[in-house]
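*Asks:* Please work out how this folds:
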Amino acid sequence: MRRAWVVEDNDPNFELVEFLLAEAGWAVERARDAAEFSALLTREPPELVLLDMNLPDAAGLDLLADLRRRADLARVPVLAITAHAMRGDRERFLAAGCDGYLSKPIDTATFVRTIEESVARRGP
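*Replies:* Numbers count the residues shown, from 1 in each chain. Next up, the predicted model:
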């Protein structure tokens, strides 16, 4: 089973993401904030990270930078999950190093396809 880390502080959003990922064959580990995210960094690397860009105690882009600095995590696809859906937000997150962008509310019809495409683009 493929493993994903989901960094999301909102319970209903996490529950939806977890359900959609589980239906697609992913095991999910969750972090609600930067401290829990740091604990995830001690575990075996996942095949995917879904990263909320607005956490209560950290900016998602700072956590993205932490991931990209680590050799064991640098190639893991990271998708931004965010309520930032203004013109230019998608481009800003992609330019910062995200491999994909999912706006909230989550579009359940395209969620899994977007993830699979991002994982395939990143490659092994």
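
*Asks:* Flag the shaky bits of the protein, pLDDT-wise.
*Replies:* Filtered on pLDDT under 70, the chain yields the residue ranges 84-85, 123-124.

*Asks:* Tell me where it has strands.
*Replies:* In the chain, strands defined by DSSP state E lie at 2-7, 26-31, 48-52, 78-82, 100-103, listed in chain order.

*Asks:* can you list these in TSV and add distance to Phe14 and mean neighbour count?
*Replies:* Heads up, the C-betas are built off the backbone N, CA and C, glycines and all. Below are these laid out as TSV (distance: least, C-beta to C-beta, whole Å; neighbours: other C-beta atoms under 10 Å):
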stretch	distance to Phe14	mean neighbour count
strand 2-7	6	22
strand 26-31	6	18
strand 48-52	9	25
strand 78-82	10	24
strand 100-103	13	20
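
*Asks:* Can you add distance to Arg92 and give these back as TSV?
*Replies:* Output for the strands of the chain, formatted as TSV (distance: least, C-beta to C-beta, whole Å):
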stretch	distance to Arg92
strand 2-7	18
strand 26-31	22
strand 48-52	14
strand 78-82	9
strand 100-103	9
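
*Asks:* And those: which comes nearest Val17?
*Replies:* Comparing those against Val17 with C-beta to C-beta, the closest turns out to be strand 2-7 (5.4 Å).
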